[in-house]
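Participant: only geometry, no sequence info:
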Ligand SMILES: Cc1ncc(C[n+]2csc(CCOP(=O)(O)OP(=O)(O)O)c2C)c(N)n1
Ligand SMILES: Cc1ncc(C[n+]2csc(CCOP(=O)(O)OP(=O)(O)O)c2C)c(N)n1
Ligand SMILES: [Mg+2]
Ligand SMILES: [Mg+2]
């Protein structure tokens, strides 16, 4: 069957509808889900289809996330809506000291099939407390899997896999991508966690990225092509498990890598990738591994400042040019 | 005057006593401080000296940390005792979305002279929820300074600077080091934030570390010396601001670097250092930058497993040997 | 909370609030502030009108896409906010919420710097870094709005503790919504304020909804005011559409705090006329419900009627208040519009004091 | 909470708990469980003795440095715990705390796997990964102890929700201390349980202290049970040294939950004889205070006396209970001591199901 062009929002609600259809232990818990199908409309239609399994809660994030944990431990497959990724801060104990550790510290007795779904990122001018990308905390928390998709087809296939997965998965959905459209097969399908996707093949430099920055890297690659630089763009899609093979193959070929993410630079996941490339691909690297992330400040409100803080296509292009120029033979 | 040998605990209480003596806006807020001078005895003597300024609270971490924020905003210089660093999770919103952002998002109107004092790390067999090293989250949070001292003299000088600092400082004290003794000048002194310390000069490899691992690196350096490998040991002391100059100078000399921390490897601060070395010192590196951190699991309880998870001297020695062997000429 | 039906035909009964009162659980009803003089009453009216006009024009400007991001307006809630802040001294502290314009104006902020901030201009209260949800003026004791629901409670605990340690007689007031009353931060701050006897007034503006969720479905117990009993602090329930009722209750709580007797909890029953944020589709309520509130419980309308009946102000006086406010707001908008944008690199400033 | 003086000369009055009762705030006193039969009573005694002996020997083993880390013992609190768990069915859930051995034993755990866990052995409940603060047995409905004070509340919310969604008639019971009652997680879970009418029983074991801090200084309001009023749920206060009082009150709450009426809050007044953890210097209380409690309020002593007076058991029966328990515990300790340590590399197992 032919793919349709649908938005990430639609991909989300389709993925969940399909999983809820097959498995009645799947449900969604969070604030303000029912009236408008979630605050971004991402669950549109679901409250009508599954009136008892889309559950509005009080503003009580520890009880919401803990609610997911307790339900997962006792036979359910909850999807927890964090409202904004920034609010993970209000339930970090539940996420880090409980969700991530329960299976391990009880010696593998329990399983926690749970998706913590969190819309992250900037772009709606929502300032410091509603714009963060916090994936790097969770990659640094053993016991969690971390998904950061970009295009609608990936969103759908990965969300379905995350729901099926027996471990807790933190699923970041960039909020500037809800309306982003792309081709999605009408047939049900799964994309396994831990498999990166080469969104554009190229020979001169590897751009490693994920989530919204995938689009900016693809745009940058287009521009770079005009200057004779052929960039390969890897969308990691999941950060844990990490598909380092895909990175290694690409960098072995291009001998030159650059990481782009929206999270602020220092301590971001880009550091982890750069460190691993430096460690494992030392001999084939022809230039320093470059990193681009947001500037190290909270997100400012005023659009002129936000745009300065968040990596733009031009920043990516400039940095890629510089890196390629630096390549030794 | 001659230095005395005192413990980190004593260094802590001396530092705070000196600062409280000079400045009556300094106070400590936290759980179980008064009866035993803190749960590790780290504030011994202070409750008698300053009975109104060592304040026991209910078990309410958001109100404790928020209590520090509100007090700092209105003229006080609070020291917040987090009890165990693991419990930052119960007040992450206060730390990340409030403390770190308030000055910035209000356009620089406010200042927050506040120390968040948090004992971290393993070694007392306290298992998954009482053994974590979480510094990398805070380095990734613009607006916070992060201190991770090792020896008593540094603990004292840095804690005094942290208390004097007009910005929020997260001060991690490794709990296996409370009893660790070292020479400390009897005269009051400050050590500025952002200055690393070369604890052992060496020519062949740079070991970059902090907190408890400083001692393990020094021990490893001793062993390596027996094998003809002369290791330089840098104790970063503060991670934000980071003294990258010190790292750069050393690595320019040794052409070979290894980072050692107790936090789990993936996404740890070692990745950031390795990434920066790879970026800024690419041309002088003679071997891949190596990283050692705890294995990527929650801390297991049983000592045999804990010791396997946390980096040991032998692990550091083995990795350093391997790295030095790999050096190209 | 028992379910309350809020249909139009019941709107009349809303004015006497009988559906809210649950005897035995609540503190005895406080006295309205009847003692205040004509000058004060005019000032109160002016403040309410200032908020109303500020908010309505902010809504228009948002509609015209002149304000980036999103804004939450307080239209309908003016009596609750102005009544509360009228009990405070200039050196007292407040902490506000995501729906913060009204609190900040009521504590004395200048609308021109607020508009400049809403527009993201360098001349704004926060140099364009904060925006609608993050306005503060520390010189006026406004310790900030907060984009995190319930984020203000713990911070106010600290301000209260600081007042106690510095031995001043200031008071701190933390505003919050019905939705915020379910956050753990409320509980921790309320208990700590109670055990330390901190000079804090907790003002819950119960506007029936937290985003799309009705308070009567999400808040357990007989009322929010009744939660005071868990902490052994006074709890007052008050008609939030009647500014003098609010002022009376809050004044009592402020006096209680200022004289060293510790915190109180006030619940005001109020209503927001606009959506949760501008652009909200509002599928969770009916136009009739909104209409009934506007008709029967409009706080400005009620106060104007009272002032007219009392003879405190004439219709002309009232018109003059509106005209004055309109002129001031227009001027403030002009200031904000004409103010320059920040430089992109300004984003790198204001993070640390010492670096 | 009003300050309570707990000196020896007042100890007698402790037995009638008059200092705790605050009329008007608490739910009417519940009925003790007088209906239970002799077999059940013997089982209850046995469970209490099992906990007492388990804990005393754990203390000795810790002293001998055979248990790594730190342990928190429940000696003195047995009636509260056993009374509570005796109201549960095997398929009901509990969540415990850092002071968890008693809860876990009371729900039916096998002491031998518990000792093995305390020793860090591979045969332990958690393969040596958990230790004292992290024991669970999911097959017995024990969803785990928790090293984070107040960490259990939110998780129990989820178990309660799951029961409701799966439409079973299970009940969940979450244990917590007086100190934990001040965490925000309590508030969020209590409210959510109330608004969703979840089948949850909140059991607060008020042992007067949270580490070094006295409950009467740290918990505001008339009592912890009284906090139930904030959520519109029943709150019971009960003498935690009297196992049948506890069972009576908790049974009522369990029945209430099982029949779909939602959560309840129970506060038991109890006392820990040992330090907060083994090795605690205990500067925050006097030896006299501890002595008075042991003398007048020992839960096992009181229950034995009752059984003797009633004629349910003879002195010989009781001795046989202690002997049987002692033998079982010694055997369990032997099992734990002889069990092999895990392999270091086992540390890498049990993190993920699918990887
Ligand atoms: C911790 C947190 N959770 C959720 C949100 C999203 N949110 C913003 S406002 C709001 C509703 C708040 O309701 P209420 O406290 O009643 O205040 P009101 O909007 O009615 O003034 C929600 C859920 C948030 N900002 N912070
Ligand atoms: C969130 C959190 N804060 C602090 C601690 C440290 N701590 C462990 S037990 C305890 C006291 C708990 O008191 P209570 O709830 O009364 O239980 P009890 O020990 O009396 O059984 C504290 C403060 C913790 N484990 N978790
Ligand atoms: Mg509301
Ligand atoms: Mg206790």
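Facilitator: Looks like it came in fine. Quick caveat: nothing in here was measured; it's all calculated off a predicted structure. Residues are numbered from 1 along each chain as shown, chains lettered A, B, ... in the order given. Ligands and ions are numbered 1, 2, ... in the order given.
Participant: what are the phi and psi angles of the residue in the stretch 101-250 of chain A that ligand 4 sits nearest to?
Facilitator: Of all residues in the stretch 101-250 of chain A, residue A:105 sits closest to ligand 4, at 23.0 Å by Cβ to the ion. C-beta: built from backbone N, CA, C; applies to glycine. When read as degrees, to the nearest 10, the backbone of residue A:105 gives phi -70, psi -20.
Participant: which residue packs closest to the residue of the stretch 151-300 of chain A found nearest ligand 3, ignoring adjacent ones?
Facilitator: Nearest residue of the stretch 151-300 of chain A to ligand 3 (Cβ to the ion) works out as residue A:175 at 23.1 Å. Using Cβ to Cβ, 6 or more residues apart in numbering or on different chains and skipping the chain neighbours, the partner closest in space to residue A:175 is residue A:119 (4.3 Å).
Participant: bridging residues for that neighbour?
Facilitator: Beta-bridge pairing for residue A:119 (DSSP bridges): residue A:173.
Participant: Surely the residue of the stretch 101-250 of chain A closest to ligand 4 touches residue B:297?
Facilitator: No: using Cβ atoms under 8 Å, residue A:105 is not in contact with residue B:297; the gap is 9.8 Å.
Participant: Which one's more surrounded, the two?
Facilitator: Between residue A:105 and residue B:297, residue A:105 has the larger neighbour count (other Cβ atoms under 10 Å in any protein chain shown), namely 35 against 22.
Participant: hang on, the earlier thing: roughly how far does the residue of the stretch 101-250 of chain A closest to ligand 4 sit from residue B:227?
Facilitator: 39 Å (Cβ to Cβ, to the nearest Å).
Participant: and the stretch 101-250 of chain C, which residues reach chain D?
Facilitator: The stretch 101-250 of chain C has residues C:182-188, C:190-192, C:194-195, C:217-222, C:226-227, C:229-233 near chain D, with proximity defined as Cβ under 8 Å from any Cβ of the partner chain.
Participant: Now, of the residues you listed, which are buried?
Facilitator: C:182-188, C:190-192, C:194-195, C:218-222, C:226-227, C:229-233 (16 or more other Cβ atoms under 10 Å in any protein chain shown).
Participant: From these, which land in helices?
Facilitator: Counted as lying in helices by DSSP state H, out of those, are C:184, C:185, C:186, C:187, C:188, C:190, C:191, C:192, C:194, C:195, C:218.
Participant: filter these down to the ones near chain A?
Facilitator: Answer for those near chain A (Cβ under 8 Å from any Cβ): C:184, C:218.
Participant: So which of the ones in helices among the buried ones among the residues of the stretch 101-250 of chain C next to chain D is the closest to residue B:60?
Facilitator: residue C:188 (3.6 Å; Cβ to Cβ).
Participant: my read: the closest one touches residue D:184, true?
Facilitator: Yes: assessed by Cβ under 8 Å, residue C:188 is found in contact with residue D:184 at 4.7 Å.
Participant: Find residues that contact each of these two.
Facilitator: Any residue near both residue C:188 and residue D:184 by Cβ atoms under 8 Å, 6 or more residues apart in numbering or on different chains counts here, and that gives B:60, B:62.
Participant: Can you give me the pLDDT of residue 90?
Facilitator: Using chain A here. Predicted confidence (pLDDT) for residue A:90: 98.
Participant: could you do chain C instead?
Facilitator: 98.
Participant: Run through the residues that contact the residue of the stretch 201-350 of chain C found nearest chain B.
Facilitator: Here the stretch 201-350 of chain C gets closest to chain B at one residue, residue C:350, 3.4 Å apart by Cβ to the nearest Cβ. By Cβ under 8 Å, 6+ apart, residue C:350 lies in contact with B:103, B:104, B:107, B:108, C:127, C:129.
Participant: of all the ones in helices among the buried ones among the residues of the stretch 101-250 of chain C next to chain D, which two lie farthest apart?
Facilitator: Going by Cβ to Cβ, the pair spanning these furthest: C:195 and C:218, at 27.2 Å.
Participant: circling back to that earlier point, in this structure the residue nearest to residue A:175 contacts residue A:87, no?
Facilitator: No: Residue A:119 is beyond contact range of residue A:87, at 10.1 Å (criterion: Cβ under 8 Å).
Participant: In the stretch 201-329 of chain A, which residue sits nearest ligand 2?
Facilitator: residue A:267 (25.0 Å; Cβ to the nearest ligand atom).
Participant: so that residue sits in a strand?
Facilitator: No: according to DSSP: H, G, I helix; E, B strand; the rest coil, residue A:267 belongs to no strand; its state is coil.
Participant: Run a quick neighbour tally on it.
Facilitator: Around residue A:267 there are 31 residues (other Cβ under 10 Å).
Participant: ok, now residue C:309?
Facilitator: When neighbours are counted by other Cβ under 10 Å, residue C:309 comes out with 8.
Participant: Can you name the residue of the stretch 151-300 of chain C nearest to ligand 3?
Facilitator: For the stretch 151-300 of chain C, Cβ to the ion, closest residue to ligand 3: residue C:177, 3.5 Å.
Participant: could you check the distance from that residue over to chain D?
Facilitator: 14 Å (Cβ to the nearest Cβ, to the nearest Å).
Participant: That residue pairs with what?
Facilitator: residue C:205.
Participant: need the contact list for it.
Facilitator: By Cβ under 8 Å, 6+ apart, the neighbours of residue C:177 are C:97, C:99, C:149, C:204, C:205, C:206, C:207, C:210.
Participant: Assess the claim that the last one and residue C:181 are in contact.
Facilitator: Read that as residue C:210. No: contact between residue C:210 and residue C:181 fails when scored by Cβ under 8 Å: they sit 9.0 Å apart.
Participant: Please name the residues that touch the nearest residue to residue C:38 once chain neighbours are set aside.
Facilitator: The shortest distance from residue C:38 to any non-neighbouring residue, by Cβ to Cβ, 6+ apart, is to residue C:312 (4.9 Å). Contacts for residue C:312 were tallied using Cβ under 8 Å, 6+ apart; they are C:38, C:41, C:42.
Participant: Turn the buried ones among those residues into a named PyMOL selection, would you?
Facilitator: PyMOL command restricting these to the buried ones, with burial defined by 16+ other Cβ under 10 Å:
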select buried, chain C and resi 41+42
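Participant: Which of the contacts of residue C:312 fall in helices?
Facilitator: C:38, C:41, C:42.
Participant: What is the nearest of those residues to ligand 4?
Facilitator: Among the ones in helices among the contacts of residue C:312, and counting by Cβ to the ion, the member closest to ligand 4 is residue C:41, at 52.2 Å.
Participant: wait, is residue C:174 part of a helix?
Facilitator: No: counting by three-state DSSP, residue C:174 falls outside a helix, being strand.
Participant: And the helices in the stretch 251-355 of chain C, which stretches?
Facilitator: C:287-297, C:299-310, C:315-338 (DSSP state H, counting those that start in this stretch).
Participant: Contacts for the second one, please.
Facilitator: Read it as helix C:299-310. With Cβ under 8 Å, 6+ apart, helix C:299-310 has contacts from C:41, C:44-45, C:48-49, C:52, C:76-80, C:240-244, C:270, C:313-315, C:318.
Participant: Just the buried subset of those residues, please.
Facilitator: Buried among the contacts of helix C:299-310 (16+ other Cβ under 10 Å): C:41, C:44-45, C:48-49, C:52, C:76-80, C:240-244, C:270, C:313, C:318.
Participant: and residue 168, how many neighbours does it have?
Facilitator: Just so you know, I chose chain A. For residue A:168, using other Cβ under 10 Å, the count is 29.
Participant: I was after chain C.
Facilitator: 14.
Participant: for it, helix, strand, or coil?
Facilitator: coil.
Participant: Next one, pLDDT for it please.
Facilitator: For residue C:168, pLDDT reads 98.
Participant: List the beta-bridge partners for residue C:267.
Facilitator: Beta-bridge partners, per DSSP bridges, of residue C:267: residue C:204, residue C:237.
Participant: ok, it - contacts?
Facilitator: C:204, C:206, C:223, C:224, C:225, C:235, C:236, C:237, C:238.
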